[in-house]
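Asks: curious how this folds, go ahead:
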Amino acid sequence: MTHDPFDTDTPVVGMVHLPPLPGSPRFDGDREAIRERALEDARTLEEGGVDAVLLENFGDAPFYPEDVPTHVVADLASVATELTEAVDLPVGVNVLRNDATAALSVAAASDASFIRVNVHVGTAATDQGLLEGQAHETLRLRERLEADVAILADVHVKHATPVGDDTLERAARETVERGLADGVIVSGPGTGTETALEDVARVTETLADREVGVFVGSGVTNETIDDLFAAGADGAIVGTALKRDGETTNPVALERVRDVVDAVIDP
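Replies: Model prediction:
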């Protein structure tokens, strides 16, 4: 990876799913509780042995398609800054549904190390409508900000359908060769759903001659992670499997984190 924030060849990235932020329909009025929950989850992930954490405004559904309001950016920047100061791990930012400009700006301001972009190139039909990749804007903004921030971009992102004749292999090539992403993410159809081993193998084979990381972005568990790495994945982004009772919106459970990390260290 041109911009490589990870200190291992097989990074496990743990998710910090934020509760609803101020201004979203389900915000409960307690901004301090959001901060405390984020810090607790990040510290538990670090204690459990993950290699990085990824902050996401998961609770803000229904999501803005592309440009989130400035108050969302402000809250995310505040929390991201606290996380980068609280844990000795690379921190990433994903602004749902597809605000790469906000994610990159938050990352640069908070000294975070990477961002996730759901639709970096091409077009996808989603529950927010049609989303169009803005790679040209994202890469130029990174240059203007002089930010050493890696861009991890989804290929056929979950909760979406690619528009047009866009095979997984072609999408992977376009994301890297024309979108200049530093890494790609392969997922199942939805949050917490298993990623097909065949899809991981197809992407890794397509990008075998490229210096990019291939990450698995959904459905990773302690039982599946070894097979996913064996299929060619370089890293895994894990959320639901690390939560108490396997519920995405629950706090991170230390024993679940250790189970997943141990499966990589000692498969």
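
Asks: switch to C-alpha atoms for all contacts and neighbour counts from now on
Replies: OK.

Asks: mind listing the strands for the protein?
Replies: Counting by DSSP state E, one finds strands in the chain at the ranges 12-17, 52-56, 91-94, 114-117, 123-126, 129-132, 150-155, 160-162, 183-186, 213-216, 235-238.

Asks: tell me which of those lies nearest to residue 254.
Replies: For those, proximity to residue 254 was assessed by CA to CA; strand 12-17 is nearest, at 11.5 Å.

Asks: shouldn't residue 225 be in contact with residue 259?
Replies: No. In this structure residue 225 lies outside contact range of residue 259 using CA atoms under 8 Å: 10.6 Å.

Asks: tell me which of these two has more neighbours.
Replies: Per other CA atoms under 10 Å, whichever of residue 225 and residue 259 has more neighbours is residue 225, with 23 against 17.

Asks: and stretch 170-178, end to end?
Replies: End-to-end distance of stretch 170-178 (CA to CA, to the nearest Å): 11 Å.

Asks: residue 3: neighbour count?
Replies: Residue 3 has 16 neighbours, counted by other CA under 10 Å.

Asks: now residue 179. Its backbone dihedrals?
Replies: In terms of degrees, to the nearest 10, the main-chain angles of residue 179 are phi -90, psi -10.

Asks: excluding chain neighbours, what is closest to it?
Replies: Counting by CA to CA, 6 or more residues apart in numbering, the nearest residue to residue 179 once its immediate chain neighbours are dropped is residue 135, at 5.4 Å.

Asks: now residue 47
Replies: Nearest non-adjacent residue to residue 47 (CA to CA, 6+ apart): residue 254, at 7.5 Å.

Asks: roughly how far apart are that neighbour and residue 37?
Replies: To residue 37, residue 254 is 14 Å away according to CA to CA.

Asks: likewise for residue 97?
Replies: To residue 37, residue 97 is 21 Å away according to CA to CA.

Asks: if you average pLDDT per helix and strand, which one of the chain comes out bottom?
Replies: Using mean pLDDT, DSSP states H and E, the weakest-scoring helix or strand in the chain turns out to be strand 160-162, at a mean of 91.

Asks: do you know how far the one residue sitting closest to the centre of the chain is from residue 203?
Replies: Closest residue to the average C-alpha location of the chain: residue 116 at 4.4 Å, with CA atoms, centre = their mean. Relative to residue 203, residue 116 is positioned 17 Å away (CA to CA).

Asks: what's the burial count for residue 186?
Replies: Neighbour tally, residue 186, other CA under 10 Å: 28.

Asks: do the same with residue 88
Replies: Neighbours around residue 88, by other CA under 10 Å: 12.

Asks: circling back to that earlier point, what is the burial count for the residue nearest to residue 179?
Replies: Around residue 135 there are 23 residues (other CA under 10 Å).

Asks: please apply the same query to residue 144.
Replies: 9.

Asks: pLDDT value on it, please?
Replies: Residue 144 is assigned 97 on the pLDDT scale.

Asks: settle it for me: which of residue 97 and residue 37 has more neighbours?
Replies: Using other CA under 10 Å, the more surrounded residue of residue 97 and residue 37 is residue 97, with 25 against 17.

Asks: ok so, going back, the residue nearest to the centre of the chain bridge partners, please.
Replies: Taking DSSP bridges as the rule, residue 116 bridges to residue 152.

Asks: what's near enough to touch it?
Replies: Residue 116 is in contact with 92, 93, 94, 95, 100, 103, 151, 152, 153, 154, counting by CA atoms under 8 Å, 6 or more residues apart in numbering.

Asks: next one: residue 183
Replies: So residue 183 contacts 1, 150, 151, 152, 153, 176, 212, 213, 214, 215 (CA under 8 Å, 6+ apart).

Asks: right, and residue 258 touches residue 48 too?
Replies: Yes. Counting by CA under 8 Å, residue 258 does reach residue 48; the two are 4.9 Å apart.

Asks: okay, those two: which has more neighbours?
Replies: Shown here are residue 258 and residue 48; by other CA under 10 Å, residue 48 has more neighbours (22 against 19).
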